[in-house]
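K.L.:
Build the 3D model from these lines:
(one chain, ligands or ions: 2)
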Amino acid sequence: MTSIAITSGKGGVGKTTIALNMALVLSKIGKRVVIIDADVAMANLGIMLGIDRTPVSLHNVLMGEMDIKDVVYKGPAGLFYVPSELSLQKYFKLNFSKLKEAVKKLEKDYDYVIIDCPPGLGEDAKAALESARTAIIVLTPDPSALADALKMKHVSEHSGTKNLGIIVNMITKRKSEIRAEDLETVSELKVLASIPEDPVVRDCGVKQKPLILTEPNSPAALKIREFAMKLAGIKATLPAPSKKGLLSKIIQNIKHVFKR
Ligand SMILES: Nc1ncnc2c1ncn2[C@@H]1O[C@H](COP(=O)(O)OP(=O)(O)O)[C@@H](O)[C@H]1O
Ligand SMILES: [Mg+2]
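P.N.:
Ligands and ions are numbered 1, 2, ... in the order given. Below you'll find the model as predicted:
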């Protein structure tokens, strides 16, 4: 039905994390979702999913060897995914202009085609952005964020992709951080979600277990869920972030006693 490019000016801001976990939320509520690892040079999606070997991938499509539908795999929670290969040898042989046609094909079969983009303005990044109907810019709230947002907004406007807005990730609430309101004023884009810096996210990355499936009540997971549900037009009623302190244990125990 539609396609969303998750893009950014810089690497390491949380694109793959957000793309994968929002895709899982949408899949869990019954949408047909496919996520494409279009960051062909890094191929991080498979790693984050804990899937190491995929005999065919987006590389085969971009080399003109296969149809996109033949490189779609079944992932967890009903999610479908198109991996990339870690092979850099093939990278230089890829024809990125084939991506748009591939995305169009998948749009017919899925409610959401989510494209995990490479960072920056290279040929691969531009092709990934151009392949989608809509785009979301991910950034961290550091001083370069404003310039990043403006640059990516400009690029998406030129590629004919509708910009849905910004996701600010890894918020620590330090005074030096750029505030969401300022980002909105300067970029004239909406801040769609503000996700906190959350050590659980990195732990899940190391364990190769998606955040939404293993730590659904962690602060970052709750924010991603809230955003994805809103995107799907559903108002989420969210539980409070999990507190592993003494107080929460006492509350748990009390609840347990009253259940008996
Ligand atoms: N909200 C967050 N809090 C803490 N760590 C995060 C958060 N979002 C992402 N990360 C971590 O930051 C690193 C880069 O994230 P990734 O999603 O791979 O970024 P990108 O795809 O933009 O390069 C990973 O180690 C990931 O676990
Ligand atoms: Mg990535």
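K.L.:
which residue sits closest to Ser97 in space, ignoring its chain neighbours?
P.N.:
Using C-beta to C-beta, 6 or more residues apart in numbering and skipping the chain neighbours, the partner closest in space to Ser97 is Ala127 (6.4 Å). Bear in mind the C-beta positions are built from the backbone N, C-alpha and C, glycine included.
K.L.:
Wait, a helix at that neighbour?
P.N.:
Yes. Assignment of Ala127 by DSSP: H, G, I helix; E, B strand; the rest coil places it within a helix.
K.L.:
Do I have it right that it meets Ala102?
P.N.:
No. Counting by C-beta atoms under 8 Å, Ala102 is not a contact partner of Ala127; they are 10.5 Å apart.
K.L.:
Hmm, Ala145 is touching Ile178, no?
P.N.:
Yes. Ala145 lies in contact with Ile178 (C-beta under 8 Å); the separation is 4.9 Å.
K.L.:
quick revisit: any idea how many residues pack against the residue nearest to Ser97?
P.N.:
By the measure other C-beta atoms under 10 Å, the count of residues near Ala127 is 22.
K.L.:
got the residue ranges for the helices in the stretch 1-150 of the chain?
P.N.:
Assigned by DSSP state H, counting those that start in this stretch, the helices in the stretch 1-150 of the chain fall at 15-28, 45-49, 58-62, 98-109, 123-130, 145-158.
K.L.:
Next, the angle from the fifth one to helix 145-158.
P.N.:
Looking back up the chat, that one is helix 123-130. 70 degrees (axes from the mean of the first three to the mean of the last three C-alpha atoms, to 10 degrees).
K.L.:
which parts of helix 123-130 are buried?
P.N.:
Residues Asp124, Ala125, Lys126, Ala127, Ala128, Leu129, Glu130 are the ones in helix 123-130 that count as buried (16 or more other C-beta atoms under 10 Å).
K.L.:
give the contact list for whichever residue of the chain sits closest to ligand 2.
P.N.:
As assessed by C-beta to the ion, ligand 2 sits closest to Thr16 within the chain, at 3.3 Å. Shown in contact with Thr16 (C-beta atoms under 8 Å, 6 or more residues apart in numbering): Asp37, Asp39, Asn44, Leu45, Met48, Asp116.
K.L.:
And for the fourth one, the neighbour number?
P.N.:
This points to Leu45. 24.
K.L.:
So it is in contact with Leu86, correct?
P.N.:
No. The criterion here is C-beta under 8 Å, and Leu45 misses it with Leu86 at 11.0 Å.
K.L.:
Any chance of a markdown table for the contacts of Thr16, columns distance to Cys204 and pLDDT?
P.N.:
What follows is those, written out as a markdown table (distance: C-beta to C-beta, whole Å; pLDDT from 0 to 100):
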| residue | distance to Cys204 | pLDDT |
| --- | --- | --- |
| Asp37 | 17 | 97 |
| Asp39 | 19 | 94 |
| Asn44 | 13 | 89 |
| Leu45 | 14 | 91 |
| Met48 | 8 | 91 |
| Asp116 | 16 | 98 |
